[in-house]
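**Student:** sequence and predicted structure are below.
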Amino acid sequence: MGKTKDSKSFNLILVLCLLIPLAVGGASAFVSLDGIKAFGDLKKPPLTPPGWMFIVVWTALYLLMGAACYTIVKDKVHKRAAVLSIYVLQLIFNGIWCPLFFGQGWYWISAIWLIVLVGLIAILVMMVWRIRKGTALILLPYLAWSVFALYLNIGAATLN
């Protein structure tokens, strides 16, 4: 039995949903590479994880974001457009944070930016919760890590 046209298009949609956040994160890190390398020289707050952990955690979070996006895209819910709009907006904010913090060294501006991002993620989780609770649950690690990133950002801004 061959694949139907619908299953092929959903497979393509799944791949795109997974690749887009990974590409945003990768591009954001790439344009901030010099600043990321210099991060090792900054004074950091307690509980700052080793550098390699950021790569692992963010990769996992981007994949979870993509999986969540896929479940919303494939569901024919009436608020899907609104949810996807918030998803795209928070993804844009996510992608811009790294160049603000690492690329420009604007620690306090990036902290404010991150507060807005955390708010957008919280709105996204609440909107998704109304549609599909399981999908909202897979976004919670992203929200939690972003709050932790805010702590790290404010700590770095205060110490440097």
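**Tutor:** Sure thing, it's come through.
**Student:** buried set for the strand or helix carrying residue 93?
**Tutor:** If you go by DSSP states H and E, residue 93 is part of helix 80-98. Across helix 80-98, burial judged by 16 or more other C-beta atoms under 10 Å covers 83, 86-87, 90-91, 93-98. In short, each C-beta sits where N, CA and C put it, glycine included.
**Student:** same thing with stretch 50-57?
**Tutor:** For stretch 50-57, burial by neighbour count (16+ other C-beta under 10 Å) applies to 54, 57.
**Student:** got it, and stretch 11-23?
**Tutor:** In stretch 11-23, counting by 16+ other C-beta under 10 Å, buried: 14, 17-18, 20-21.
**Student:** now do the helices in the chain.
**Tutor:** In the chain, the helices defined using DSSP state H lie at 5-31, 33-38, 51-74, 80-98, 107-131, 133-159.
**Student:** relative orientation of the fourth one and helix 51-74 in degrees?
**Tutor:** With axes from the mean of the first three to the mean of the last three C-alpha atoms, to 10 degrees as the basis, helix 80-98 and helix 51-74 are set at 160 degrees to each other.
**Student:** so what does helix 80-98 touch, helix or strand wise?
**Tutor:** helix 5-31, helix 51-74, helix 107-131 (3 or more C-beta pairs under 8 Å, 6 or more residues apart in numbering; DSSP states H and E).
**Student:** identify the residues contacting residue 135.
**Tutor:** 68, 71-72, 128 (C-beta atoms under 8 Å, 6 or more residues apart in numbering).
**Student:** ok, back up a step: what angle separates the helix holding residue 93 from helix 107-131?
**Tutor:** Using the same axes, to 10 degrees: helix 80-98 against helix 107-131 is 160 degrees.
**Student:** contacts for helix 80-98?
**Tutor:** When contacts are defined by C-beta under 8 Å, 6+ apart, helix 80-98 is touched by residues 20-21, 24-25, 27-29, 31-32, 36, 65, 68-69, 72-73, 77, 110, 113-114, 116-117, 120-121, 123-124, 127-128, 131.
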